[in-house]
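*Asks:* Fold the following for me, if possible:
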Amino acid sequence: MPLAHDISGSGPAVILLHSTVADRRMWDPQMPALTAAGHRVIRCDLRGYGESPITAGEDWDDADDVTALLDTLGITRTAVIASSGGGRVALDLAARSPERVTALALLCTALRGHEPSPALRDFSDREDALLEAGDVTAATELNVDLWLGPEAGEKELARVRRMQRNAFEVQLAADRAAAALAADAATGPTAEPQAAPAAQRTQQTPAAAAEQAGSPAAAEQAVVKQAGSPAAEQAAAEQAAAPAARAEADLSVITAPALLVSGAHDLPDFREIAAHLATVLPKARHVELPWAGHLPSMERPDLLNPLLIDFLAESR
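*Replies:* As a prediction, the model looks like this:
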């Protein structure tokens, strides 16, 4: 299933991978700036976000989905800008096809194998409890309150609220559909054990948490507790109903220069991840933004866009 996407401009390609508290609309402030800087800009919705649905009972891999989209578009080499849980996907893509990725800009990225902090675990537990109680509105507000820094205004809060609410609704609907399929099959004349609903198929250890994305924290924790709780899947940095993880990617094979951005007002997990990746990836530098929370591309695009554009120019 092709990912929902849109394209703007011409020139060297750059693909934008969203945070799992959002969807491709989070990049609205970057599209015109990157296009004006001479890039062909592609942004897509990962499955379960925006306009990319989840097919009940179907497994998938986000990095494979992105690779398939690039193949469809005829793009053999591209820079990647990714936020939070989208950063985990970007790292998988760059590790599997290092010759294909020309530059990596990772904003408050999640990381496969990161052990969530107590604060991140607490967030995920609260999110799980709200979703299990059926209070999607409160779970949405919990995310809005945590993931935007002090520079974000009411417009940005409203945008994140819409995107996170939509993600919850898409993912919960997919879990209900998968559960119904499993129940129907189980009551049939030749019933056999069925695969668990999407949110149950991706159970992970706490270490795998920070690699997922759905709600930055859920993705960071990544222990799926029950169907209908994308928050549990999100426990790593954000991405509910995510597919079963492959073997851990070998980051040492990545050759692209990397810009690792963290925010002073974000949870400490993401600063630790950026600092760690700066010692693992070649040609990597870590920049801490004193004004930023978890979503700097939305909070202050006027300050972040020049940083991204300069990095892409240096990497050509």
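*Asks:* alpha carbons only for contacts and neighbour counts from here, please
*Replies:* Fine.
*Asks:* Need the three-state assignment for Ala79.
*Replies:* Here Ala79 is recorded as strand under DSSP: H, G, I helix; E, B strand; the rest coil.
*Asks:* That one bridge partners, please.
*Replies:* Counting by DSSP bridges, Ala79 is bridged to Val14, Ala103.
*Asks:* Touching, it and Pro98? I think so.
*Replies:* No: contact criterion C-alpha atoms under 8 Å: Ala79 and Pro98 do not qualify, at 11.1 Å.
*Asks:* who's more crowded, those two?
*Replies:* A count of neighbours by other C-alpha atoms under 10 Å puts Ala79 above the other of Ala79 and Pro98, at 25 against 19.
*Asks:* who touches that one in this structure?
*Replies:* Residues in contact with Ala79 (C-alpha atoms under 8 Å, 6 or more residues apart in numbering) are Ala13, Val14, Ile15, Val101, Thr102, Ala103, Leu104, Leu312.
*Asks:* Specify which member of these is nearest to Ala182.
*Replies:* Nearest to Ala182 among the contacts of Ala79: Ile15, at 36.2 Å, using C-alpha to C-alpha.
*Asks:* how about the strands of the stretch 51-200 of the chain, start to end?
*Replies:* Assigned by DSSP state E, counting those that start in this stretch, the stretch 51-200 of the chain shows strands spanning 78-83, 101-107.
*Asks:* Nearest spatial neighbour of Gly87, chain-adjacent residues omitted?
*Replies:* Excluding the flanking residues, the one nearest Gly87 by C-alpha to C-alpha, 6 or more residues apart in numbering is Thr109, at 4.8 Å.
*Asks:* Now for the one you found, how many residues are close by?
*Replies:* Quick note: Thr109 (other C-alpha under 10 Å) scores 34 neighbours.
*Asks:* Equivalent analysis for Arg112, please.
*Replies:* Burial of Arg112, expressed as a neighbour count using other C-alpha under 10 Å, amounts to 26.
*Asks:* Leu91 too?
*Replies:* Neighbour count for Leu91, taken as other C-alpha under 10 Å: 27.
*Asks:* Repeat that for the one 4 residues further on.
*Replies:* A count of nearby residues for Ala95, using other C-alpha under 10 Å, gives 21.
*Asks:* That one and Thr187, how far apart?
*Replies:* Here the criterion is C-alpha to C-alpha, to the nearest Å. By it, Ala95 lies 43 Å from Thr187.
*Asks:* again with Thr137
*Replies:* Using C-alpha to C-alpha, Thr137 is found at 34 Å from Thr187.
*Asks:* between these two, which one's more packed in?
*Replies:* More crowded of Thr137 and Thr187, by other C-alpha under 10 Å: Thr137, with 14 against 10.
*Asks:* and the residue lying closest to the more buried one once chain neighbours are set aside, how many neighbours?
*Replies:* Among residues not flanking Thr137 along the chain, Arg165 sits closest, at 7.4 Å (C-alpha to C-alpha, 6+ apart). Neighbour count of Arg165, defined by other C-alpha under 10 Å: 21.
*Asks:* so what pLDDT did Arg165 get?
*Replies:* Per-residue pLDDT puts Arg165 at 96.
*Asks:* start at 37 instead
*Replies:* Okay, residue one is now 37; in that scheme the one you just asked about reads as Arg201.
*Asks:* Backbone dihedrals for Cys80, please?
*Replies:* Torsion angles at Cys80 (phi, psi; degrees, to the nearest 10) stand at phi -140, psi 160.
*Asks:* For the stretch 237-352 of the chain, which segments count as helices?
*Replies:* For the stretch 237-352 of the chain, applying DSSP state H, counting those that start in this stretch gives helices covering 252-257, 266-270, 304-316, 332-335, 337-351.
*Asks:* What are the buried residues along the third one?
*Replies:* Applying a neighbour-count criterion of 16 or more other C-alpha atoms under 10 Å, one finds Asp305, Phe306, Arg307, Ile309, Ala310, Ala311, Leu313, Ala314 buried in helix 304-316.
*Asks:* which one of those residues sits closest to Asp100?
*Replies:* Among the buried residues of helix 304-316, and counting by C-alpha to C-alpha, the member closest to Asp100 is Leu313, at 22.3 Å.
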